[in-house]
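# would you be able to build a 3D model of this:
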Amino acid sequence: MYYDDLKMVQTKWDDGGGAIIDAGSVGLLARNGDVEKVESYSGYFEGSYEITEQWTATAGVRVGKEKKDFTDYVGLELVFGGDFDNPSGVYIEDGGTTFFGQQIVQPLKRDDDYDTWSAKLQYQMNDDTMLYLTAATGYKSGGYNNAGNTLIIADKVVEPEDSLSYEAGAKMDLADGRGRLNIAIFYTTFDDLQVARSDTTGVIVTTNAAEAVTQGIELEGAWRLTDTLTAGGSIAWLDAEYEDFKNAPCGPFLRASDPVGCMDGQDLSGETLQRAPDYSGTVYLEFTREVGAGWDMDAYAGYTFRDDSTTVISNEFGAESLELLDARLSFSNQESGWMVALKGNNLTDERKLILRQDNDLLQGGQFGAINMPRTYALQVRKNF
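Next up is the predicted model:
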């Protein structure tokens, strides 16, 4: 059983685009914010049945309910005696007399009931190999965008997301336990997929795509080369696209080049989902051994890679492919509880764009982020 009762309050100030009557004392401000109350509870049950010594069936069900009350308000306030002296011109609340202007209040409510289920059939072929097949439904609750200044209720509302997934795979021990290999093939469909986009005020908000499909293959394994040296890795192939996403919002660049064609949005059916690289994986070597007096040494070096991907809903641009080399050397003593480690991330100092986002507030500009540079860290831990 699960129960949660949550209240969130958010208040934002704006100087009205610099509409300061007398810098340093008087200003006209736009004030917007929201109050959201969420009450949710759910119950879950799962059971297994051993059909034979080799076949096992497992099934589970979750039933839940979620209530959300969302109040959004936008208004103007005239402030006397406030502090407008900071370089950005943004109001700092430190007293003064405030005269409230007209406020627009939007109370919204939703009451959602949901249920999900899962089923798994497992076949123990022998002591070293297990095969499985699963099917499950998923649910992500709806809600409201508490960012942005829009007064259009349709832009505030986010509908629930539903999914149906299938997975088949195998887990195998090889060569009397010296090796391990796991294989998984999956296929998932989404209805009303929740995706992020930039609204006309430059704020990232959530919206719903109609339908989407993800499918792929994942392989993961390891091999103990010697008693102290292990090699391993993983690789994944992913195909993720919108199956039906008509009237998708256009980005600012597309709206600028084709304002008439973007009046009713664009058709992104068949386009790739956000942050869904075609390929990703890792390869590593790990060396472990006792060094005496109860201390163990562990040395690890890993290489990870990721294909490029789109980071905006309009698929106009995205993140670059990325390759990273990390390493870690640690000494631990189980009896005393001490652990000391030196680690280095991105040792080749690879610098790539991992986020690129359009922004209407910047009049067609973009903002982005670059991955972390080469970093080193010393860790010391004591377990009691």
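# partner strands of the helix or strand hosting S163, parallel or antiparallel?
For S163, the enclosing helix or strand under DSSP states H and E is strand 161-174. Paired neighbours of strand 161-174 in the sheet (DSSP bridges): strand 129-140 (antiparallel), strand 179-191 (antiparallel).
# how far off centre is that strand?
21 Å (Cα atoms, centre = their mean, to the nearest Å).
# how about it: buried residues?
E161, D162, S163, S165, E167, G169, K171, M172 (16 or more other Cβ atoms under 10 Å). The way it works is simple: take the backbone N, C-alpha and C, and place the C-beta from them, glycine included.
# tell me the one of those nearest S336?
Of all the buried residues of strand 161-174, the one sitting nearest S336 is K171; the distance, using Cβ to Cβ, is 35.4 Å.
# make JSON lines out of the strands paired with strand 161-174 and add distance to V312, mean neighbour count and mean pLDDT.
Output for the strands paired with strand 161-174, formatted as JSON lines (distance: least, Cβ to Cβ, whole Å; neighbours: other Cβ atoms under 10 Å; pLDDT from 0 to 100):
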{"stretch": "strand 129-140", "distance to V312": "21", "mean neighbour count": "16", "mean pLDDT": "98"}
{"stretch": "strand 179-191", "distance to V312": "18", "mean neighbour count": "17", "mean pLDDT": "98"}
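# and those strands as a markdown table, adding distance to R381?
Below are these laid out as a markdown table (distance: least, Cβ to Cβ, whole Å):
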| stretch | distance to R381 |
| --- | --- |
| strand 129-140 | 35 |
| strand 179-191 | 27 |
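# quick one: closest of those strands to S321.
Closest approach to S321 among the strands paired with strand 161-174 (Cβ to Cβ): strand 179-191, 22.9 Å.
# related to what we said a few turns ago, what mean pLDDT does the strand holding S163 get?
Strand 161-174 shows an average pLDDT of 98 in the prediction.
# which other residues reach that strand?
127-140, 142, 179-194, 208, 223 (Cβ atoms under 8 Å, 6 or more residues apart in numbering).
# any low-confidence regions in the stretch 101-250 of the chain?
101-105, 147-154, 199-203 (pLDDT under 70).
# what about the strands in it?
In the stretch 101-250 of the chain, the strands defined using DSSP state E, counting those that start in this stretch lie at 129-140, 143-144, 157-158, 161-174, 179-191, 194-198, 204-208, 211-224, 229-244.
# touching, L133 and K120? I think so.
Yes - using Cβ atoms under 8 Å, L133 is in contact with K120, at 7.2 Å.
# any idea how far the nearest residue to L225 once chain neighbours are set aside is from E286?
Spatial nearest neighbour of L225, excluding adjacent residues (Cβ to Cβ, 6 or more residues apart in numbering): A231 at 5.8 Å. Applying Cβ to Cβ, to the nearest Å, the value for A231 to E286 is 8 Å.
# hey, where'd the helices end up in the stretch 251-384 of the chain?
252-257 (DSSP state H, counting those that start in this stretch).
# can you give me the strands in it?
Per DSSP E, counting those that start in this stretch, the stretch 251-384 of the chain carries strands over the ranges 279-292, 295-306, 309-310, 318-319, 322-333, 338-345, 353-359, 365-370, 375-382.
# in TSV, list the ones you listed along with mean pLDDT.
Shown next, in TSV, are those (pLDDT from 0 to 100):
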stretch	mean pLDDT
strand 279-292	97
strand 295-306	97
strand 309-310	90
strand 318-319	85
strand 322-333	97
strand 338-345	98
strand 353-359	80
strand 365-370	80
strand 375-382	97
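# all set, thanks.
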